[in-house]
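A.B. asks: Starting from these lines, generate the structure:
(chains A, B and C)
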Amino acid sequence: MPELPEVETTVKGLQAKVLLRTFVDVWSDWKKMVKKPNFELFKKELQGKKIIKVWRRAKNVIFDLSDGYSLLVHMKMTGHLMYGIWNMKNNTWQARKDGPLKEKINGYLHIIFFLDNGSQIALSDYRKFAKVELWKTEELLTSKEFNSWGPEPLEKSFTLAKFKEVLKHKKGRIKQVIMEPKVIAGVGNIYSSEALWWAKIHPEKSASKLTDKELKSLYDAIKKVLQQGINLGGESFADYRNVEGEKGHFGSQRMVYKREKESCKRCNTIIVRKKFGGRSAFFCPKCQKP
DNA sequence: AATCGTTCCTGATAGC
DNA sequence: TGCTATCAGGAACGAT
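C.D. replies: Model prediction:
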């Protein structure tokens, strides 16, 4: 599932490919993925808009366009954006003009954006939870939703004091709290599990019960695992791929996520998987005591 | 105000 | 063997 490092990897990949390109058309076989405005209007309004900037806020990919518009894409759980040249006739695609011809078009492409140089950006999503929205930039930046998201954990302004401030009055389980978009941006199931392992904190511990030492450890761990994720091009345990359709390498660094019944790399204890709040937490019952 | 349950999807897997 | 039931999971939203 794309979290901050995966979205960041996607953004970097797109920056290298699509800056200053202009949208000429859009195709979709699942039009309700476009939430704003309706698909027909979306298609009409997007045509002729030039991509000026590609950036990330929380887990959203944002394309700033000409005429004061912004295109927002949230990949949710199983989505990923790919760039390339699709050949509808023989069902193939190339990530680069001079690159190898990939055997088959990914079977889950639900939106394809056609660019003015003959290339395309495609949104693949087998669970169809992804969302796409076209905003006036000013409206997006001042919207309730945009301003509800928590701080960016890798920005300088995210200090330890800021971390403590956002956790204030939070009594819920720490894992669920740090996964909440309104608390901190970009942290999901993978990186919350990993950060808690590094910080030696049990995922079900109440956020309000963390000691100062634990808060500092967790703060450091969140930044550490996210940066490591970016450095390794994200995690591809499930569906995530970069814009060229390739896997990320964070998997090799996973300490707990999806490692239940394997041994803890610190103390050899068997890693446990426990579901709460509708999600699976992975942790070492010895290193991360309740 | 904080927290919990529901909703959107479909491939994989468990159970019979 | 083949069918059906269950599950995963980001995050907005409504209910409590």
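A.B. asks: ok, stretch A:58-76 near DNA strand C or not?
C.D. replies: Yes: against DNA strand C, stretch A:58-76 shows contacts by CB under 7 Å from any atom of the strand at A:58-59, A:74, A:76. All C-beta atoms are positioned from the backbone trio N, CA, C, and that covers glycine.
A.B. asks: between the residues you listed, which is nearest A:Phe283?
C.D. replies: A:Phe283 lies nearest to A:Lys59 out of the residues of stretch A:58-76 next to DNA strand C, by CB to CB, at 22.9 Å.
A.B. asks: neighbours around the closest one, how many?
C.D. replies: Residues lying near A:Lys59 (other CB atoms under 10 Å) number 23.
A.B. asks: how about it, what does it touch?
C.D. replies: Going by CB atoms under 8 Å, 6 or more residues apart in numbering, A:Lys59 touches A:2-4, A:7, A:74-75, A:181, A:185-186, A:188.
A.B. asks: can you redo those residues as JSON lines with neighbour count and pLDDT?
C.D. replies: Shown next, in JSON lines, are the contacts of A:Lys59 (neighbours: other CB atoms under 10 Å; pLDDT from 0 to 100):
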{"residue": "A:Pro2", "neighbour count": "30", "pLDDT": "91"}
{"residue": "A:Glu3", "neighbour count": "25", "pLDDT": "93"}
{"residue": "A:Leu4", "neighbour count": "26", "pLDDT": "95"}
{"residue": "A:Val7", "neighbour count": "25", "pLDDT": "94"}
{"residue": "A:His74", "neighbour count": "18", "pLDDT": "95"}
{"residue": "A:Met75", "neighbour count": "26", "pLDDT": "93"}
{"residue": "A:Pro181", "neighbour count": "16", "pLDDT": "94"}
{"residue": "A:Ala185", "neighbour count": "21", "pLDDT": "95"}
{"residue": "A:Gly186", "neighbour count": "28", "pLDDT": "94"}
{"residue": "A:Gly188", "neighbour count": "19", "pLDDT": "93"}
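A.B. asks: Check which helix or strand A:Pro153 maps to.
C.D. replies: Assigned by DSSP states H and E, A:Pro153 falls within no helix or strand.
A.B. asks: The residue nearest to A:Gln15 when sequence neighbours are not counted: how many residues sit nearby?
C.D. replies: Nearest residue to A:Gln15, sequence neighbours excluded (CB to CB, 6 or more residues apart in numbering): A:Val54, at 5.0 Å. With neighbours defined by other CB under 10 Å, the count for A:Val54 comes to 20.
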